[in-house]
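Visitor: Whatever this is, show me its structure:
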Amino acid sequence: MNDYILGIIFSIGYISRGRLIFKNKNKYFLEQIQKVCGNNIYEQKDKNNIQYVLSTKYFNIEKLKSIGWNNRSSDVRKLPELNQYSDFLRAYIELHSRFDYSTRYRNKRKKIKYKALRLRIYGNKVLIKDINKILNMDANTTLKSPQNEKNNKTSCISYTSINEIKSIFQYIEKRPYFNSFWEEIESKLRMPIIV
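Guide: Presented below is the predicted three-dimensional model:
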């Protein structure tokens, strides 16, 4: 098992009846897990949407817990201790980030608006705090002030500097990766500003 697959396990895995369960609308992530454990992937309807599910007893849950893994709904979730985080964060960011455009002002007095690209990374607030530090050290981003959600468990960090966004993706860019996600990155970086 590599750090990329570990990133998927930390991102979407949870325990049910002694089995590790993975669900996602993108079959690709479950196929990565399947390469390790060999279990079948099946489809499940969820509110008229199809999602893919893989259930396995292959992974030693106690061993995963010993490196910091816990259920997605846990109050506190930390990153595992790894030598480097680029592969792990590639999986995590592919699963728990979003691109959108935020409104900004060229000239506040004249109220000239434009829209600029923004990357947001979501997750448990302890995990996001750790990711913030790693991206600061390894991808040369500035430390962000996470925005906490009302549930006080989850938060989000936002990157609006095109240079920082590029730096993050240069840091995590390797294979394997989820093609659709990286195609969206390339497309959005070609048009980082909408006037």
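
Visitor: so which helix or strand takes in residue 123?
Guide: Per DSSP states H and E, residue 123 falls inside strand 112-124.

Visitor: same question, residue 63
Guide: helix 61-66.

Visitor: Ok, residue 131 next?
Guide: If you go by DSSP H and E, residue 131 is part of helix 125-138.

Visitor: pLDDT averaged over that helix, what's the number?
Guide: Averaging pLDDT along helix 125-138 gives 94.

Visitor: Same question for stretch 23-37.
Guide: The model assigns stretch 23-37 a mean pLDDT of 94.

Visitor: Tell me which residues are up against it.
Guide: Stretch 23-37 has contacts (Cβ atoms under 8 Å, 6 or more residues apart in numbering) with 1, 4-5, 8-9, 11-12, 22, 39-41, 44, 49-54, 56, 58-59, 91, 94-95, 176, 178-180. Placement of C-beta: from N, CA and C, glycine included.

Visitor: out of those, which are inside helices?
Guide: Counting by DSSP state H, the part of these found in helices is 4-5, 8-9, 11-12, 91, 94-95, 179-180.

Visitor: Restricting to C-alpha, output the least confident helix or strand in the chain by mean pLDDT in CSV.
Guide: Least confident helix or strand of the chain, by mean pLDDT, DSSP states H and E, is helix 61-66 with a mean of 82. Output of helix 61-66 as CSV, limited to C-alpha atoms (Å, rounded to 0.1, in the frame of the first residue of the first chain):
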residue,chain,number,x,y,z
ILE,A,61,-8.2,-1.6,11.2
GLU,A,62,-6.1,-1.6,14.4
LYS,A,63,-2.9,-1.0,12.5
LEU,A,64,-4.6,1.8,10.6
LYS,A,65,-5.7,3.3,13.9
SER,A,66,-2.2,3.0,15.2
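
Visitor: Residue ranges of each domain in the chain, please.
Guide: Under the assignment automatic domain parsing, the domains of the chain span 3-74, 93-194.

Visitor: follow-up on the earlier one: for the helix holding residue 131, what is the distance to the chain centroid?
Guide: Distance of helix 125-138 from its chain centroid, counting by Cα atoms, centre = their mean, to the nearest Å, is 12 Å.

Visitor: Other residues contacting it?
Guide: Residues outside helix 125-138 that contact it (Cβ under 8 Å, 6+ apart): 76-79, 84-86, 89, 92, 121-123, 141-144, 146, 148, 152-157, 168, 171.

Visitor: Could you give me the PyMOL syntax to select whichever of the residues you listed are buried?
Guide: Typed into PyMOL, the next command selects the buried ones out of those (criterion: 16 or more other Cβ atoms under 10 Å):
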select buried, resi 77+78+79+85+86+89+92+121+122+123+141+144+146+153+154+155+156+157+168+171
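
Visitor: So which of the contacts of helix 125-138 sit within strands?
Guide: Using DSSP state E, 121-123, 148, 154-157 are the members of the contacts of helix 125-138 that sit in strands.
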